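1. Have a look at this prediction, sequence included:
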Amino acid sequence: MILDEIVAYKRKEVAERKGAVPLAALEEKIASVAPARDFRAALRAEGISLIAEIKRA
């Protein structure tokens, strides 16, 4: 079945990509672009609490 072939190909592709870049390097890159924020603390802060997501068109 064609879907089985697609799934097999994608699993192989994902496995290859996982081996290409170490997880620590990806985490470091993500942290430099979008630092993690403490959402729990933000929600508990006084005033209006809002979680929003902006998507570029």
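-> Everything's here; your move.
2. what are the ranges of the helices in the chain?
-> 2-20, 23-33, 39-44 (DSSP state H).
3. So for Lys55, which of those sits nearest?
-> Closest approach to Lys55 among the helices of the chain (Cβ to Cβ): helix 23-33, 16.3 Å. C-beta coordinates here come from the backbone N, C-alpha and C atoms, glycine included.
4. Can you give me the distance of Val21 to Glu27?
-> Val21 is 10 Å from Glu27, where distance means Cβ to Cβ, to the nearest Å.
5. let me fix that: Ile48
-> 32 Å.
6. number of nearby residues for the nearest residue to Ser49 once chain neighbours are set aside?
-> Closest residue to Ser49 apart from its sequence neighbours, by Cβ to Cβ, 6 or more residues apart in numbering: Leu43 at 4.6 Å. Leu43 has 10 neighbours, counted by other Cβ atoms under 10 Å.
7. again with Arg11
-> Counted with other Cβ under 10 Å, residues neighbouring Arg11 total 10.
8. Give me the contacts around the helix-or-strand element of the chain with minimal mean pLDDT.
-> Using mean pLDDT, DSSP states H and E, helix 39-44 stands out as the lowest-scoring helix or strand of the chain, at a mean of 82. Applying Cβ atoms under 8 Å, 6 or more residues apart in numbering, the contact partners of helix 39-44 are 49, 51.
9. try 6 Å this time
-> Ser49 (Cβ atoms under 6 Å, 6 or more residues apart in numbering).
10. Equivalent analysis for stretch 49-57, please.
-> Residues outside stretch 49-57 that contact it (Cβ under 6 Å, 6+ apart): Leu43.
11. Now with 7 Å, please.
-> Among residues not part of stretch 49-57, those counted as contacts by Cβ atoms under 7 Å, 6 or more residues apart in numbering are 39, 42-43.
12. May I have it as PDB, with CA atoms only?
-> What follows is stretch 49-57, C-alpha atoms only, in PDB (Å, rounded to 0.1, in the frame of the first residue of the first chain):
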ATOM      1  CA  SER A  49      -2.900  37.500  32.300                       C
ATOM      2  CA  LEU A  50      -2.900  36.600  28.600                       C
ATOM      3  CA  ILE A  51      -1.400  33.900  26.500                       C
ATOM      4  CA  ALA A  52      -1.400  34.700  22.800                       C
ATOM      5  CA  GLU A  53       0.100  33.300  19.600                       C
ATOM      6  CA  ILE A  54       0.900  35.400  16.600                       C
ATOM      7  CA  LYS A  55       1.100  33.600  13.300                       C
ATOM      8  CA  ARG A  56       2.700  35.300  10.300                       C
ATOM      9  CA  ALA A  57       0.600  35.300   7.200                       C
END
